[in-house]
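J.: Sequence and computational prediction follow.
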Amino acid sequence: MGKTALITGATSGIGKATAQLLSENKFDLIITGRREDRLKTVASELETQYGVNVKSLCFDVRDYDAVTRNIEALQLKNRQIDVLVNNAGLASGLDKLQDGDVEDWNKMIDTNVKGLLYMSRQVIPMMIKQGRGHIVNIGSIAGKEVYPNGNVYCGTKHMVDALNKSMRRELAEHGIKVSAVNPGAVETEFSVVRMHGNEEKAKKVYDGFENLVAHDIADAVLYVVTRPEHVNINDLIIMPKAQPAAGNIIRDKGY
């Protein structure tokens, strides 16, 4: 029997690329997102192209009641989840702390931290009951280092890093793997969201160097979840060659 992966935030960027690559490698999928039209399109395309089963669940990971309702419905149908990819996340705003917008802060904390917690809280008991499973948390170099004007976003991703380590310690006795994949600069909708929809400003983030793309991170997720059963990849950091550290990018050097 093939494995089933649940991927949050699968309508674009890293989540969508991960859904594509896992389905190409014959994983059945459960994909979540807030944009129902995009979600259904992704599901239909993957089923048609790769011949796998794809179930789409439209809800916001920030809504605990919606998370609970949707995961409980899966349990009632005896749907197994072999892999949970906690991908849904965002940055909002790029202000110094004293100038920060509280709404931006809440959006990042509710999505990056609470959303991951809500999903994990519902899926982990299923995995414990199965006696197996693998959780992959999509973190960030911002969870390892900090950079100017990244304050709250960096704080949320440091929390993801801490939760990843906690899960690894707590779930090992249940035979559940826990891994983190931490990207540097990846060009997706990430910066457009961070810049509140200003595409021109977002594009400048990636000027003058070769950034990572969503497929680079999806490829790492595929590697992590296809290791032999006795192997756990605890933590991966993936950076563009031109980015030696968070907030430090070498531009206009041809790489």
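T.: Perfect, thanks for sending it. Numbers count the residues shown, from 1 in each chain.
J.: After the longest strand along the chain, which helix or strand is next?
T.: If you go by DSSP state E, the chain has its longest strand at strand 176-183. Downstream of strand 176-183, the first helix or strand assigned by DSSP states H and E is helix 190-194.
J.: Tell me how far residue 245 lies from residue 144.
T.: Distance, residue 245 to residue 144, by C-beta to C-beta, to the nearest Å: 9 Å. C-beta: built from backbone N, CA, C; applies to glycine.
J.: more crowded one of the two?
T.: Remark: of residue 245 and residue 144, residue 144 carries more neighbours, 18 against 12, as counted by other C-beta atoms under 10 Å.
J.: Surely that one touches residue 246?
T.: Yes: if you go by C-beta atoms under 8 Å, residue 144 and residue 246 touch, sitting 7.2 Å apart.
J.: quick one: the longest strand of the chain to chain centroid distance?
T.: 10 Å (C-alpha atoms, centre = their mean, to the nearest Å).
J.: Show me what that strand is packed against.
T.: Counting contacts by 3 or more C-beta pairs under 8 Å, 6 or more residues apart in numbering; DSSP states H and E, strand 176-183 packs against helix 116-130, strand 133-138, helix 151-171, helix 214-225, strand 235-238.
J.: from the ones you listed, which stretch is densest packed?
T.: Mean neighbours per residue, mean count of other C-beta atoms under 10 Å, is largest over the helices and strands packed on strand 176-183 for strand 133-138, with a mean of 25.
J.: strand partners of that strand, parallel vs antiparallel please.
T.: strand 83-86 (parallel), strand 176-183 (parallel) (DSSP bridges).
J.: could you dump these to TSV with mean neighbour count?
T.: As requested, the strands paired with strand 133-138 are exported to TSV (neighbours: other C-beta atoms under 10 Å):
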stretch	mean neighbour count
strand 83-86	28
strand 176-183	24
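J.: Reformat the ones you listed as JSON lines; add mean pLDDT and distance to residue 128.
T.: Shown next, in JSON lines, are the strands paired with strand 133-138 (pLDDT from 0 to 100; distance: least, C-beta to C-beta, whole Å):
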{"stretch": "strand 83-86", "mean pLDDT": "98", "distance to residue 128": "13"}
{"stretch": "strand 176-183", "mean pLDDT": "98", "distance to residue 128": "7"}
